[in-house]
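K.L.:
Provided below for reference: sequence and predicted model.
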Amino acid sequence: MAPSTIHERLRKVLSHVNISQAAFAESLGIGQPHMSTILSDKHQRKPSKRVLRSVSEKYGINYEWLINGDGDVVFEEKQPAAASAETDPPELQQVIQEARSIWDGLEMDERYELAAMLLKDIARKKKEQAMQNGEKGNLPHLNRSR
């Protein structure tokens with residue numbers, strides 16, 4: 001019997017890729033508690049289109065099948081990029097998990113605001129590093145309006 005709900009289809013993908021729920025969540029840029037909610041039939045919380053697009057792209061899944069069950073699954077032989085949880089020290093993994101938990105609790109406008117602040121800070125730090133390394137010239141990809 002074909003999976004009838006989006007939750008069942010995502011569980012089928014998770015089973016096929018044969019990784020932990022936590023690693024699956026991390027590969028999609030969401031926290032494990034959020035992934036658990038998405039996979040549960042009882043919560044009725046559907047994943048965002050961004051998460052579904054990520055599943056489709058990273059794991060070679062037919063997007064139409066994923067969102068509404070139409071067409072073939074099409075498991076392409078794509079391997080996700082190595083999850084950083086496998087290489088990050090445990091202390092950093094804990095910080096990342098805490099940050100994801102906070103992120104999952106934010107409203108969409110708060111997420112955009114926080115993401116913009118992070119990008120701005122990263123760009124500033126990269127620019128500082130480039131200047132310290134003696135790189136000259138205009139760095140257009142780092143010069144964002146403030």
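P.N.:
Okay, I see it. Numbers count the residues shown, from 1 in each chain.

K.L.:
how near is the closest residue to Asp88 other than its chain neighbours to Val17?
P.N.:
Distances taken as Cβ to Cβ, 6 or more residues apart in numbering put Ile96 closest to Asp88, at 7.0 Å, once the chain neighbours are dropped. Backbone N, C-alpha and C define where each C-beta goes, glycine included. Ile96 is 21 Å from Val17, where distance means Cβ to Cβ, to the nearest Å.

K.L.:
more neighbours: which of the two?
P.N.:
A count of neighbours by other Cβ atoms under 10 Å puts Val17 above the other of Ile96 and Val17, at 19 against 15.

K.L.:
pull the longest helix from this protein.
P.N.:
For the chain, the longest helix by residue count, based on DSSP state H, is helix 108-132.

K.L.:
where's Lys127 relative to Lys120, distance?
P.N.:
Distance of Lys127 to Lys120, given as Cβ to Cβ: 11 Å.

K.L.:
try Gln97
P.N.:
24 Å.

K.L.:
over to Pro90?
P.N.:
Relative to Lys120, and taking Cβ to Cβ, Pro90 is found at 29 Å.

K.L.:
and Tyr112, by the same measure?
P.N.:
Tyr112 sits at a distance of 12 Å from Lys120 (criterion: Cβ to Cβ).

K.L.:
same check, this time on Leu10
P.N.:
Distance of Leu10 to Lys120, computed by Cβ to Cβ: 34 Å.

K.L.:
all strands of the protein, in order?
P.N.:
Using DSSP state E, the chain contains no strands.

K.L.:
pLDDT below threshold where in it?
P.N.:
1-2, 43, 75-86, 135-146 (pLDDT under 70).

K.L.:
residue closest to the middle of this protein?
P.N.:
Residue closest to the mean C-alpha point of the chain, counted by Cα atoms, centre = their mean, is Gly29 at 1.9 Å.

K.L.:
list the contacts for that one?
P.N.:
Counting by Cβ atoms under 8 Å, 6 or more residues apart in numbering, Gly29 touches Val51, Ser54.
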